[in-house]
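**Q** using only what follows, build the 3D model:
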Amino acid sequence: MKRRARPRMKIPPTLRRIIRSHEKWRLENCLNLLASENYSSPTVRSMLSLDFANRYTSHEGFYMGTRYTDELQHETEELAKEVFHAKYADVRPISGHSCDMIALTALANHGDKVMVVGPSFGGYPGISQDGYPRLYGLQVTEFPFNKEAWNIDAGKAAVAIEQERPRVVIFGASLILFPHPVEKLADTCRKVGANIVFDGAHVLGLIAGGQFQDPLREGAEVLIGSTHKSFFGPQGGLIVSNDHADALREVVLPALVDNAHWNRIAAMYVALSEMKRFGRQYAQQVVRNSKALAIALDEHGVKLVGKEHGFTESHQVIVDIAAPEEGARLARRLEEANIIADAGIRIGTSEETRRGMRESQMGEIAELIARLWGGNEDPKKIRKDVSRIRREFMSIRFA
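**A** Here you go, the predicted model:
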């Protein structure tokens, strides 16, 4: 019997144009320095088109036909526990933000206080007083922060924790250069009965690779994060912990997560496998690249945050801007030159490290940024240099 040929996929013209334009621009012509993004391997991305994308499961046994979906969840969580040296893992949260919501719901009650890094110092707005805590009825207090060191002021924070007596203390931030003082403040947190969470949304890949810091060994009870920033998986969230497994599990399903996007979890399994094998080399190179980029930018006269402390220990470099509009102006000029950053202005090295770039390329990138930072050079003139560097690094490493 003749096998019937598979029909050719017909993409609507408008969508085809958008896809082609986006991929040609972002994948072939741009240098991506967004700290919030990374580039997944072809194998990770191929998982997103599997039949798992169409399926549901239910722990109450409502849906039939879930035997392999359930096995996928189990095996992915076992792998996550191995990578992060944890007793409990949950791969069902669909974003880092949903992980924050789960952790706060599980560990705090209405009216409790939580202590976080304030948004004015790079803290995540989603857990500020304007974010989820407002909806859940929590009071937010902020860590004392040392702007020059770009870190939590551990001495003042210890006093603040004793005075405020928060129910949950969340370390981690969106603009994060240096390890947070989890170990220094763990005893103080325990003394007042505070649960310790580390929001590793940005540095999860570095933690998995044994770099930056090790929150679960330093006193954090719960580590949460996004799986698509310094961690090079699909967009999604991850919770790992050595404590509070039952409390966390109870608020995941059915309260805050329903369908967990099983194709995403298959993709996460691949990313975790890659991280297990290549994570240490990858994370080390990310940090080396960040340091090299920072040093080169400083030599070119670009003012950076954290100079007195070595600029960075993470995947980020932060340009010291006088006002938000200055950051937005520089980000727009960079985009005109096909260099993608944010208006923070926060420059990330994860994706270009994954593309195979090393310290010498960071020097080249710093020169391009500097030409836009202080001068009136037309960004369009820089595109040729951007394209040249991009064409040399089109493949994927650490996969």
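**Q** so where's this structure shaky on pLDDT?
**A** Residues of the chain meeting the criterion pLDDT under 70: 1-7.
**Q** could you chop it up by domain?
**A** 45-272, 279-392 (automatic domain parsing).
**Q** show me where the stretch 151-300 of the chain has strands.
**A** 151-152, 168-171, 195-199, 222-226, 237-241 (DSSP state E, counting those that start in this stretch).
**Q** could you dump those to CSV with mean neighbour count and distance to R249?
**A** Heads up, the C-betas are built off the backbone N, CA and C, glycines and all. Output for the strands of the stretch 151-300 of the chain, formatted as CSV (neighbours: other Cβ atoms under 10 Å; distance: least, Cβ to Cβ, whole Å):
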stretch, mean neighbour count, distance to R249
strand 151-152, 24, 30
strand 168-171, 27, 17
strand 195-199, 27, 16
strand 222-226, 29, 12
strand 237-241, 27, 9
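**Q** among those strands, which is nearest R55?
**A** strand 237-241 (19.4 Å; Cβ to Cβ).
**Q** quick check: neighbours of that closest one in the sheet, parallel or antiparallel?
**A** strand 88-90 (antiparallel), strand 222-226 (antiparallel) (DSSP bridges).
**Q** for G155, find the nearest of those strands.
**A** strand 222-226 (24.7 Å).
**Q** with just CA atoms, put the closest one into CSV.
**A** The C-alpha coordinates for strand 222-226 follow below in CSV (Å, rounded to 0.1, in the frame of the first residue of the first chain):
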residue,chain,number,x,y,z
VAL,A,222,12.8,27.5,47.9
LEU,A,223,14.4,28.3,44.6
ILE,A,224,12.2,29.5,41.8
GLY,A,225,13.0,30.9,38.4
SER,A,226,12.4,31.4,34.7
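**Q** for the helix ranked longest in the chain, packing partners?
**A** In the chain, taking DSSP state H as the definition, the longest helix is helix 262-299. On a contact count with 3 or more Cβ pairs under 8 Å, 6 or more residues apart in numbering; DSSP states H and E, helix 262-299 meets helix 42-47, helix 67-84, helix 204-208, strand 316-318, helix 350-354, helix 359-373.
**Q** can I get those in TSV with distance to G219?
**A** TSV is the format used below for those (distance: least, Cβ to Cβ, whole Å):
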stretch	distance to G219
helix 42-47	32
helix 67-84	15
helix 204-208	14
strand 316-318	24
helix 350-354	26
helix 359-373	33
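**Q** could I get these as a markdown table with mean neighbour count and distance to L256?
**A** Putting the helices and strands packed on helix 262-299 into a markdown table (neighbours: other Cβ under 10 Å; distance: least, Cβ to Cβ, whole Å) gives the following:
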| stretch | mean neighbour count | distance to L256 |
| --- | --- | --- |
| helix 42-47 | 16 | 24 |
| helix 67-84 | 17 | 16 |
| helix 204-208 | 29 | 19 |
| strand 316-318 | 29 | 29 |
| helix 350-354 | 27 | 28 |
| helix 359-373 | 19 | 40 |
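**Q** which of these sits closest to P119?
**A** The nearest among those, by Cβ to Cβ, is strand 316-318 at 14.4 Å.
**Q** just checking, what packs against the closest one?
**A** helix 262-299, strand 346-348.
**Q** so which bits of the first one are buried?
**A** Applying a neighbour-count criterion of 16 or more other Cβ atoms under 10 Å, one finds 262-275, 278-279, 282-283, 285-298 buried in helix 262-299.
**Q** that one vs helix 67-84, what angle?
**A** With axes from the mean of the first three to the mean of the last three Cα atoms, to 10 degrees as the basis, helix 262-299 and helix 67-84 are set at 30 degrees to each other.
**Q** how far off helix 359-373 does helix 262-299 point, in degrees?
**A** Going by the same axes, to 10 degrees, helix 262-299 makes 70 degrees with helix 359-373.
**Q** start at 50 instead
**A** Got it, the first residue is 50 from now on, which makes the last one we talked about helix 311-348.
**Q** centre of the chain to helix 311-348, how far?
**A** 11 Å (Cα atoms, centre = their mean, to the nearest Å).
**Q** ok so, going back, distance to L156 added to the strands paired with strand 286-290, as TSV?
**A** Output for the strands paired with strand 286-290, formatted as TSV (distance: least, Cβ to Cβ, whole Å):
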stretch	distance to L156
strand 137-139	14
strand 271-275	7
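**Q** surely Q284 meets H277?
**A** Yes - assessed by Cβ atoms under 8 Å, Q284 is found in contact with H277 at 4.5 Å.
**Q** give me the more crowded residue out of those two.
**A** H277 (28 against 18; other Cβ atoms under 10 Å).
**Q** quick one: that one from W74, how far?
**A** Going from H277 to W74 by Cβ to Cβ, to the nearest Å gives 20 Å.
**Q** using TSV, lay out the domains of the chain together with distance to R57.
**A** Shown next, in TSV, are these (distance: least, Cβ to Cβ, whole Å):
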stretch	distance to R57
domain 94-321	16
domain 328-441	30
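**Q** relative to F447, which of those is closest?
**A** domain 328-441 (4.1 Å).
**Q** start to end distance for the closest one?
**A** End-to-end distance for domain 328-441, by Cα to Cα, to the nearest Å: 23 Å.
**Q** and stretch 158-170, by the same measure?
**A** Per Cα to Cα, the first residue of stretch 158-170 is 26 Å away from its last.
**Q** ok, now stretch 71-82?
**A** 16 Å.
**Q** what do you get for stretch 221-237?
**A** Counting by Cα to Cα, the terminal residues of stretch 221-237 are separated by 17 Å.
**Q** again, but for stretch 159-173
**A** 21 Å.
**Q** distance between it and the chain's centre?
**A** That offset, for stretch 159-173, works out to 18 Å (Cα atoms, centre = their mean).
**Q** list the buried ones in it?
**A** Buried, per 16+ other Cβ under 10 Å, within stretch 159-173: D161, K162, V163, M164, V165, V166, G167, P168, F170, G171, G172, Y173.
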